[in-house]
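S.K.: my questions are about this predicted structure, shown below with the sequence.
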Amino acid sequence: MGINLVTFYNSTVTPQDDALVYENALPGSGMIYGGNCTIKNANTIHVTAGHGALCGRKFTIEETDVPVILTSSGTLNGRLYIHMDLSDTENPISLEVERAATLTPVIQQSNVNINDGVYEINLATFTISTSTISNLVYVAPFIKSNEAREVIIAPVEASSFASQSYAVGKHLILNKILYRVTQAISAGQTITPGTNVTESNSVEEQIETNLSSINTINSNKLNQTVIATRQANLTASKAYAIGEQFIYNNILYRATAAIASGGTITIGGNATAADNITSQISNLANRLGTLKAFSFTGTCDSGGSLYIPVGTYGCSIVYSAVTNTANTICSLYLNDYGMWYVRLRKGDGTAWTSGSFTIYALGA
């Protein structure tokens, strides 16, 4: 037959069969439990017992001490790593130590289970001198831990040596800073901010991108009026359409030409300073209503008040304080017929001097 059912009564299930399933079921390769590394003495690293999986191949580590050869002069970098070679039928997995001025990247071949390939992960990096090993950093990837980190934000790197491979556009956290990968990084390769990674504001960007809408006023949506993407530099962290706004150096700018993600922002070229937030809200209010200025003269009535009609039936009024009048109290007054008045009141009953006030008559 051209097809066979592997997991069936009296069938033989090989390690390769299992590994192909586990490789795709697990979120990656690394430790599952234990395998911690510490310096035991001047030339020995202690490794605790643990469990892990590489490309779906389950392995265990017995508690052990790994000797490290010290240098004859100067210092070298060192790493302790797990090496798996499925073509080696006698000793397919081992703990290895590398000593070098520049450490080589781990080998992580594709289709390992099909081609009997090689796959490695680092457990620890350290410094080697003529008298001791020092600066040990535990860098082992953890399958469950990395799964949770990937869902929330990005993998957390314990040192500048990548614990896994990263494609361009992926994110990682190093020294509590979120970075975006700008050049492909291999596992074990040095992570260099400004060269193969750049600081990213992707979390803020995703939050803003997923805001479906902002409040509406009289069916006019306030889109980007109050909230705008904050740019860390003049390389666009997202695409901007004409009219869309962003903040750079605490200044609000408006795109005057379409800007692609990753494109250069040129102030005065494809972007210009936008009206400030207060002006934008004021402009919106003006569009929704009618700005009216009133002047008045006259004398108080017997109650010490002067009533000035300012609106029509059914309108709502927002007004500013009266100017050029001493000891004046301002209040809005709605008469029995639905007409709005501003009530100007002076307690001494003296004649009014000239004055003025400004209102927004919304719906007038």
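M.R.: In hand now; what should we look at? Numbering: from 1, shown residues only.

S.K.: contacts, neighbours, all on C-alpha from now
M.R.: Noted.

S.K.: A42 and I133 touch, don't they?
M.R.: Yes. If you go by C-alpha atoms under 8 Å, A42 and I133 touch, sitting 5.8 Å apart.

S.K.: more neighbours: which of these two?
M.R.: With neighbours defined as other C-alpha atoms under 10 Å, A42 and I133 compare such that I133 has more, 25 against 17.

S.K.: and F59, what does it touch?
M.R.: For F59, the contact set (C-alpha atoms under 8 Å, 6 or more residues apart in numbering) comprises 51-53.

S.K.: identify the residues contacting the residue lying closest to N111 once chain neighbours are set aside.
M.R.: Leaving out its chain neighbours, the residue that sits closest to N111 by C-alpha to C-alpha, 6 or more residues apart in numbering is G117, at 7.2 Å. Contacts for G117 (C-alpha under 8 Å, 6+ apart) come out as 85-87, 109-111.

S.K.: and with 7 Å instead?
M.R.: Contact analysis of G117 by C-alpha atoms under 7 Å, 6 or more residues apart in numbering lists 85-87, 109.

S.K.: show me which pair in the residues you listed is furthest apart.
M.R.: Within the contacts of G117, S87 and Q109 form the most distant pair, 12.7 Å apart (C-alpha to C-alpha).

S.K.: out of the contacts of G117, who's the most crowded?
M.R.: L86 leads the contacts of G117 on contacts (other C-alpha under 10 Å) with 19 neighbours.

S.K.: burial count for the closest residue in space to it that isn't next to it in sequence?
M.R.: In space, and not counting its chain neighbours, L86 is closest to D116: 4.6 Å by C-alpha to C-alpha, 6+ apart. Residues lying near D116 (other C-alpha under 10 Å) number 16.

S.K.: I'd say D116 and T89 touch.
M.R.: No. Contact criterion C-alpha atoms under 7 Å: D116 and T89 do not qualify, at 10.0 Å.

S.K.: hang on, the earlier thing: the contacts of F59 in helices, which ones?
M.R.: Among these, DSSP state H puts none in helices.

S.K.: now these: which count as buried?
M.R.: 52-53 (16 or more other C-alpha atoms under 10 Å).

S.K.: the contacts of F59 in strands, which ones?
M.R.: 51-53 (DSSP state E).

S.K.: can I get the residues you listed in a markdown table with distance to G169?
M.R.: What follows is the ones in strands among the contacts of F59, written out as a markdown table (distance: C-alpha to C-alpha, whole Å):
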| residue | distance to G169 |
| --- | --- |
| H51 | 31 |
| G52 | 28 |
| A53 | 27 |
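
S.K.: okay, now N270: neighbour count?
M.R.: Applying other C-alpha under 10 Å, I find that N270 has 15 neighbouring residues.

S.K.: show me what contacts it?
M.R.: Counted by C-alpha under 7 Å, 6+ apart, N270 has contacts 255-257.

S.K.: and it, how far from I259?
M.R.: 7 Å (C-alpha to C-alpha, to the nearest Å).

S.K.: tell me where the model's unsure across the stretch 251-364 of the chain.
M.R.: The model of the stretch 251-364 of the chain has pLDDT under 70 over residues 275-364.
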